[in-house]
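J.: next comes the sequence, and after it the predicted model I'd like to discuss.
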Amino acid sequence: MSDFAGMEDLLQDFLQEAGDLLSDVDNKLVDLERSPEDLGLLNDIFRGFHTIKGGAGFLNAGELVKLCHLTENLFDRLRNGEKELTPALMDTIMAATQGVRQMFGEIAQGRQPFPAAAEVTANLQSALTTAADPGATSPVAAEPRAGGPAGPAVATGSGEQGPDWQALHAAVIGGQPAVSLPAVARTAATAPAGKQADEVELSQLQPHFPPEGRRSTDRPGAAASAAPSGRRADERAAARETTIRVDTARLDQVLNLSGEIGLTKNRLTSLRADILAGRTDSDTLQALDQAVSQLDLLVSDLQNSVMKTRMQPIGRLFQKYPRIARDLARQLGKDVELALIGEETEVDKTMIEDLADPLIHLIRNAVDHGVESPDERRAAGKQAKSVIRLEARQEGDHIVLMIADDGRGMSPERIRAKAVEKRIISEEDANTLDDRQSLNLIFLPGFSTMAKASAVSGRGVGMDVVKTNIQKLNGSIEIRSEPGKGSVFVISLPLTLAILPVLLVLLEEQPFALPLSLVREILPIDHERMQEVGGRETLVVRGEILPVIALAHLLGWPQVRRPEFGVLMQTAERSFILAVDNFAGRDDAVIKALDDFRPRGVAGVTTLSNGQIVLILDMKELLSDLAAKGERDTRTTAPRALELLV
């Protein structure tokens, strides 16, 4: 049974709001480290942490309150000038915020969080002790301020006084008037910046534990909390969010369109009755045509409005990364600043969740591999501090993400040599690769330029994960690099995964859908102009020799007749002509996933206006299968390993 039974709604509100607050606190801590004299920034951090502690107390999450309280006291010492912010002290604070995040993961699983790691608590207490004046005694809680929470106060383990949280809990569950979690958060967030951290109020006091032993240290397995925080990484893995924040203006637009569609439906019902009654004059038919056209327009607008409710600012994802970059740079002895650009760019919510891992890998790779040490940068005539840019922008119906560093860059020659050394490709094949293809070798499984694997990188897994995850989102990734000046990774993604513009092609009488983003043009196939190169048919299109691949051959179907039309398609690594029998037009496909059974090369299904079910082809998988069978791209003599990157 959940430790938060009966408080599920409050729990979800807390995790959503507190998670955003903690990410904001982490970002501002990184900024504070660069500007330790910025008291306004410190006050913002204090208020954010104060709000988290208030919500945790209301949920009776005692260990979380204790950790927040210790950290908040340290913030208060910094704010009062009793302590100077040093890198070591910032490490202590960062470890505390990481402990808070781990506790969020435990709360999300429906259980009271375990106590913070002993090392984290000891470091916080040590920092507080050294900051205190000689002979100072432990602070004594003040009396509750006027208008504070009513109810009997009980002693807590720390010697402070607190309200009866059980009574407050019972009031919420029993439907009695009580302070809601958002109200607690707002109260704490608007508290005067000058309040002392040990002052008693609803959002500050440590909670009273129920007598039945719900204290986390009384439960089996609580002793594991003394282990390093990393041991709980798997336990706190948060499930994918099932809720989404939507602007009320967008919901109002959906509601208005729904109302207009209802009116149009009534009009069509009336016209249908007239036609069934024998009224088929020109006025009735014209009115029917107008009503159908209006319905088509309204449904299209409604579809767009509903899609916008899925869009979320990518800043919610970006705000997690300054902390990651800062911690890794400090671990490696580097001076790195992560600059965020375009945080307001909106991306499909499901895509934001799937982008988390690839972006983490790219940022860690930039800090570890791309950026030089301060001494190396000075010797190269650069500033000691490196700036990594994480940028997002919308270009047409695509989202472009860019991760750029001003580090050492990548050498195509060195990458080719390393690939040969690791026997990923042969020396003969390496000599046929151009610079762009050479840079793409870093995406191959097992490839790494590191002589020895470290705790951070060097096993040749990270970039493979990046490429694979981006392809799953129907996106592409491109590398631009100049030795000595830095590298840029450009990711291009569709605006949404729910609706996919497709080109409908025919193989005999069977339609198939191709992603329109891969289609460059449609052209007739002149069989007299086709030439055989390396055992494969090719066509020359504006001076470029392109292989012709029959759709029947890709699908393993018998080819009844010679295809008459070609679709010039372009992926991240190659261009080719897909030979088909005919075309059935263009459509915006609403993708239906095949969860139980998904054949290779099929991304999903959609339904046409006539009710026919059509398969949406995954061209990358089909081409990979073709490469695995020993087929070679005749446009270049690139090795099969490179073809697997397509």
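T.: That came through fine. Residues are numbered from 1 along each chain as shown.

J.: low-confidence ranges, this structure, go.
T.: 1, 131-242, 448-462, 572-573, 595-596, 598, 627-646 (pLDDT under 70).

J.: is the residue in it sticking out farthest from the centre in a helix, a strand, or coil?
T.: Going by C-alpha atoms, centre = their mean, the residue of the chain most distant from its centre is Gly278, 57.9 Å out. The three-state label given to Gly278 by DSSP: H, G, I helix; E, B strand; the rest coil is coil.

J.: check which residues of stretch 497-509 are buried.
T.: Leu497, Ile499, Leu500, Val502, Leu503, Leu504, Val505, Leu507 (16 or more other C-beta atoms under 10 Å). No exception for glycine: its C-beta is placed from N, CA and C like everyone else's.

J.: list the contacts for the first one?
T.: By C-beta atoms under 8 Å, 6 or more residues apart in numbering, the residues touching Leu497 are Asp348, Thr350, Met351, Leu473, Asn474, Ile591.

J.: and the closest residue to the first one other than its chain neighbours, how many neighbours?
T.: What it means is Asp348. Nearest residue to Asp348 in three dimensions, chain neighbours excluded: Thr496, at 4.4 Å (C-beta to C-beta, 6 or more residues apart in numbering). The number of residues packed near Thr496 is 19, by other C-beta atoms under 10 Å.

J.: is it true that Thr496 touches Arg310?
T.: Yes. Assessed by C-beta atoms under 8 Å, Thr496 is found in contact with Arg310 at 6.8 Å.

J.: for the helix or strand hosting Ala95, packing partners?
T.: Per DSSP states H and E, Ala95 falls inside helix 87-108. Applying 3 or more C-beta pairs under 8 Å, 6 or more residues apart in numbering; DSSP states H and E, we find helix 87-108 packed against helix 8-34, helix 62-79, helix 118-131, helix 321-332.

J.: among these, which is the most enclosed?
T.: Highest mean neighbour count of those: helix 62-79, a mean of 23 (counted as mean count of other C-beta atoms under 10 Å).

J.: isn't Arg330 right up against Glu33?
T.: No. Contact criterion C-beta under 8 Å: Arg330 and Glu33 do not qualify, at 9.4 Å.

J.: what are the boundaries of the helices in the stretch 251-400 of the chain?
T.: In the stretch 251-400 of the chain, the helices defined using DSSP state H, counting those that start in this stretch lie at 282-309, 315-318, 321-332, 349-365, 374-379.

J.: mind putting those helices into a markdown table with distance to Leu439?
T.: Below are these laid out as a markdown table (distance: least, C-beta to C-beta, whole Å):
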| stretch | distance to Leu439 |
| --- | --- |
| helix 282-309 | 35 |
| helix 315-318 | 25 |
| helix 321-332 | 23 |
| helix 349-365 | 13 |
| helix 374-379 | 22 |
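
J.: can you say which of the ones you listed is nearest to Ile403?
T.: Among the helices of the stretch 251-400 of the chain, helix 349-365 comes nearest to Ile403, with 4.6 Å by C-beta to C-beta.

J.: just how off-centre is that closest one within its chain?
T.: 5 Å (C-alpha atoms, centre = their mean, to the nearest Å).

J.: now do that helix and helix 282-309, the angle between them.
T.: Here the directions of helix 349-365 and helix 282-309 differ by 30 degrees (axes from the mean of the first three to the mean of the last three C-alpha atoms, to 10 degrees).

J.: break this structure down into its domains, please.
T.: 8-232, 248-309, 318-494, 499-635 (automatic domain parsing).

J.: so Pro501 sits in a strand?
T.: Yes. Pro501: assigned to a strand according to three-state DSSP.

J.: number of nearby residues for the closest residue to it other than its chain neighbours?
T.: Sequence neighbours aside, Leu516 is the residue nearest to Pro501 in space, at 4.0 Å (criterion: C-beta to C-beta, 6+ apart). Look at Leu516: counted by other C-beta under 10 Å, it has 15 neighbours.

J.: pretty sure Leu516 is in contact with Asp587, am I right?
T.: No. The pair Leu516 / Asp587 is not scored as a contact, 9.1 Å apart, by C-beta under 8 Å.

J.: quick one, what contacts Asp38?
T.: With C-beta under 8 Å, 6+ apart, Asp38 has these contacts: Asp31, Leu32.

J.: try Asp91
T.: Arg330.

J.: before we move on, back to that, nearest to Asp405, out of the helices and strands packed on helix 87-108?
T.: Nearest to Asp405, of these and by C-beta to C-beta, is helix 321-332 at 10.4 Å.

J.: so the closest one versus helix 87-108, what angle?
T.: 130 degrees.

J.: hmm, who's touching helix 321-332?
T.: In contact with helix 321-332 (C-beta under 8 Å, 6+ apart) are residues 26-27, 29-30, 33, 87, 91, 94, 97, 335-338, 340, 359-360, 363-364, 367-368, 371, 373, 388, 390, 456.

J.: only whichever of those residues are buried, select them in PyMOL.
T.: Buried residues among the contacts of helix 321-332 (16+ other C-beta under 10 Å), as a PyMOL selection:
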select buried, resi 26+27+29+30+33+94+97+336+337+338+340+359+360+363+364+367+368+371+388+390
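
J.: check contacts around the closest residue to Gly486 other than its chain neighbours.
T.: Using C-beta to C-beta, 6+ apart and skipping residues adjacent in sequence, the residue nearest Gly486 is Asp406, 4.4 Å away. For Asp406, the contacting residues are Val371, Lys382, Ser386, Val387, Ile388, Lys485, Gly486, by C-beta under 8 Å, 6+ apart.

J.: against Pro374, how distant is Asp406?
T.: 13 Å (C-beta to C-beta, to the nearest Å).

J.: in whatever helix or strand Glu428 lives in, what's buried?
T.: Element membership of Glu428 [criterion: DSSP H and E] is helix 427-430. Across helix 427-430, burial judged by 16+ other C-beta under 10 Å covers Asp429, Ala430.

J.: by contact count, what packs against that helix?
T.: helix 412-421.

J.: what's in contact with the helix it packs on?
T.: 425-427, 430, 433, 435, 438-439, 441-442, 444, 447-449.

J.: buried stuff in it?
T.: Pro412, Ile415, Arg416, Lys418, Ala419, Val420.

J.: ditto for stretch 36-45
T.: Leu41, Leu42, Asp44, Ile45.

J.: ok, Asn440 touching Ile479?
T.: Yes. Contact criterion C-beta under 8 Å: Asn440 and Ile479 qualify, at 6.6 Å.

J.: more neighbours: which of the two?
T.: Applying other C-beta under 10 Å to Asn440 and Ile479 shows that Asn440 carries more neighbours, namely 23 against 18.
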